[in-house]
Structures are given as structure tokens and as C-alpha cells.
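1. take this sequence and fold it.
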Amino acid sequence: MSLADLGKLLIGVGFLLVVIGAVLMLAGRLPWLGRLPGDISIQRGQWTFYFPLATSIIVSLLLTLVFWLINRR
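-> Just a heads-up that it's a prediction; the model follows:
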């Protein structure tokens, strides 16, 4: 691996981190994210279990679509 390849890899990883950071910042502004019908939440006294099933499925479908569109090029 040459230094040019390593530089491209580091730029790509940095760009990916910026995109992930932006998504996490925007996710807090979407009040319905994580509270969809189908997300499982169980509270028993001091104990709470939360599993965002519907949110996970939607995020998975969106990522599948994005990667499929990127792979088509």
C-alpha cells in the first residue's frame, strides 16, 4: 500500500466519521425517531428494557437503499 492509497483511505474514513456525526446530531431533532409503533419498551420498577425494533428496520432499509444506489454506479 502506497502513501497515496493510505491518504485516500484516511480521507474516506474521515468523511465517513463526519457523515455519521451529522446523522447523530440530526437524529436528536427528530422526535419520532426511536418512538415508532413497534419499538418495544418495558418498564418494571427500577428496571427498563428498550428495543427499537421498528426504528432498526427502517434504518436498515434506508441503509440498504443507499448502499444499493452507491453500488449501481
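
2. quick one: the residue nearest the centre of the chain and Val23, what's the gap?
-> Note on the chain: the residue nearest the mean C-alpha position is Val59, at 6.4 Å, using CA atoms, centre = their mean. Look at Val59 and Val23: by CB to CB, to the nearest Å, they are 10 Å apart. Every residue, glycine included, has its C-beta placed from N, CA and C.

3. the domain parsing of the protein - what is it?
-> With domains defined by automatic domain parsing, the chain comprises 1-30, 33-73.

4. run the chain-centre distance for the last one.
-> Translated: domain 33-73. How far domain 33-73 lies from its chain's middle: 9 Å, per CA atoms, centre = their mean, to the nearest Å.

5. so where's this protein shaky on pLDDT?
-> For the chain, the stretches with pLDDT under 70 are 73.

6. strands of that one, start to end?
-> 40-44, 47-51 (DSSP state E).

7. possible to save these as a markdown table with distance to Leu6 and mean neighbour count?
-> Shown next, in a markdown table, are these (distance: least, CB to CB, whole Å; neighbours: other CB atoms under 10 Å):
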| stretch | distance to Leu6 | mean neighbour count |
| --- | --- | --- |
| strand 40-44 | 43 | 9 |
| strand 47-51 | 39 | 9 |
